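Chemist: Okay, sequence plus prediction incoming.
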Amino acid sequence: TDRYAVFGNPIGHSKSPFIHRSFAAQFDDDMSYEAVEAPQDGFRSRLDQFISEGGRGINITVPFKTDAFAAADERCEGAALTGASNCLKFENGRIIAENFDGVGLLRDIADNLGQAVSGKRVLFLGAGGATRGAALPILRAGAAQVVVANRTVAKAQAIADELTRFGEIRATGYDSLSAGHDIVLNATSASLFDTRPQVADAVFEGTGLAYDLVYAKGLTGFLRQAQGMGVPVLADGVGMLVEQAAEAYAWWREQRPDTAALIRDLTVPLV
Ligand code: ATR
């Protein structure tokens, strides 16, 4: 049996064990997947223990994504770009780091929600790790333009500067935003605090998809605002959650699971 795990603190609410066990069942794959609550200041030693016990890979959630990045001997692009890792694999005594959150988001938008990204104008609200990881896959998918808006404009500018060689990307504050965004993503942590980014209603004029990256928070303030402006497609991060897991599974196990049924099972209605 090949051992995998998710590391976090706290870890009780993680859906990752359920998701990965469901994937394994699809293939009759002889793997196990557990939840590990590492001590706040003890990620590395708990990781070393898991590797010495024969562990093959882990997922990483709050607060250890930067510790996971630091522990790596080798960093793939998604991790290198974000300075954070949500997925490690252990191969020939080496720790390899990736970060599939951005690719998971793109997959959900393009494949599950059926919203082509090519040629679209995409607005990210927020300039934390989530935007840092997702902006490049969105540019690579052929977005006509990416705008990163943040309360702290300097953080948005840093992301735009870093990615400008990949396509049309610019930074701004919330105040200067107006209409003209086909896809609007809430990549701030505001929904976790039951608030929303303070953008004008007009920002959603003509928008086809409003996507809040949080999971199971129902109709967040952001989605409610978009709904009020008549945005036809509203989504939360359940699909992103399952798709990043499928990317991880494929990276570890060399077969990509089906995600549709699982996303249906995990969907919490947007009310
Ligand atoms: P993560 O790495 O998980 O994305 P982060 O780096 O702490 O988290 O980033 C959180 C993002 O949410 C930031 O863009 C933050 O804005 P600032 O950089 O201006 O602080 C944004 N954010 C958090 N609470 C917010 C709120 N109430 N309104 C708007 N933006 C908020």
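Modeler: Nice, thanks for sending it over. Remember, it's a predicted structure, so these values are computed and weren't measured experimentally.

Chemist: tell me the contacts of whichever residue of the stretch 101-250 of the chain sits closest to the ligand?
Modeler: Across the stretch 101-250 of the chain, the shortest distance to the ligand (C-beta to the nearest ligand atom) belongs to Gly128, at 2.1 Å. No exception for glycine: its C-beta is placed from N, CA and C like everyone else's. Neighbouring residues of Gly128 by C-beta atoms under 8 Å, 6 or more residues apart in numbering: 155, 187-189.

Chemist: Take those residues and lay them out in a markdown table including neighbour count.
Modeler: Shown next, in a markdown table, are these (neighbours: other C-beta atoms under 10 Å):
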| residue | neighbour count |
| --- | --- |
| Lys155 | 17 |
| Ala187 | 29 |
| Thr188 | 25 |
| Ser189 | 14 |
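
Chemist: Among those, name the ones in strands.
Modeler: Using DSSP state E, no member of the contacts of Gly128 sits in strands.

Chemist: from the residues you listed, which is closest to Gln145?
Modeler: Nearest to Gln145 among the contacts of Gly128: Ala187, at 16.4 Å, using C-beta to C-beta.

Chemist: ok, that closest one to Asp30 distance?
Modeler: Per C-beta to C-beta, to the nearest Å, Ala187 is found 37 Å from Asp30.

Chemist: Kindly report the same for Val214.
Modeler: Using C-beta to C-beta, Val214 is found at 34 Å from Asp30.

Chemist: list the contacts for the spatially most central residue of the chain?
Modeler: By C-alpha atoms, centre = their mean, the chain has its centre lying nearest to Asp101, at 2.9 Å. Counting by C-beta under 8 Å, 6+ apart, Asp101 touches 78, 82, 86, 129-130, 133-134, 240, 244.

Chemist: Give me the nearest residue to it, chain neighbours excluded.
Modeler: With C-beta to C-beta, 6 or more residues apart in numbering as the criterion, Asp101 has its nearest non-adjacent residue at 4.8 Å, and that residue is Gly133.

Chemist: ok, the one you found - how many residues close by?
Modeler: 26 (other C-beta atoms under 10 Å).

Chemist: can you check the one 10 residues further on too?
Modeler: Applying other C-beta under 10 Å, we find 23 other residues in the vicinity of Ala143.

Chemist: quick one: least confident helix or strand in the chain?
Modeler: helix 77-82 (a mean of 91; mean pLDDT, DSSP states H and E).

Chemist: got the buried residues for that one?
Modeler: Burial within helix 77-82, assessed by neighbour count using 16 or more other C-beta atoms under 10 Å, is assigned to 78-79, 81-82.

Chemist: in the helix or strand following it, what's buried?
Modeler: Where DSSP states H and E defines the elements, the next helix or strand beyond helix 77-82 is strand 87-91. Buried positions in strand 87-91, judged by neighbour count with 16+ other C-beta under 10 Å: 87-90.

Chemist: Same question for stretch 188-200.
Modeler: 188, 190-191, 196-197, 199.

Chemist: and if you look at stretch 160-168?
Modeler: 160, 163, 167.

Chemist: any residues touching it, and which ones?
Modeler: Contacts of stretch 160-168 (C-beta under 8 Å, 6+ apart): 81, 135-136, 139-140, 143-146, 148, 169-171.

Chemist: Ok, stretch 190-197 next?
Modeler: Defining contact as C-beta under 8 Å, 6+ apart, one finds that stretch 190-197 is touched by 125-126, 149, 151, 174, 186, 188, 212, 214, 217, 220-222, 224-225.

Chemist: In helices only, show me the residues you listed.
Modeler: When DSSP state H defines the helices, the subset of the contacts of stretch 190-197 inside them is 221-222, 224-225.

Chemist: What subset of these is buried?
Modeler: Buried members of these, counted by 16+ other C-beta under 10 Å: 221-222, 225.

Chemist: Cool, thanks, talk later.
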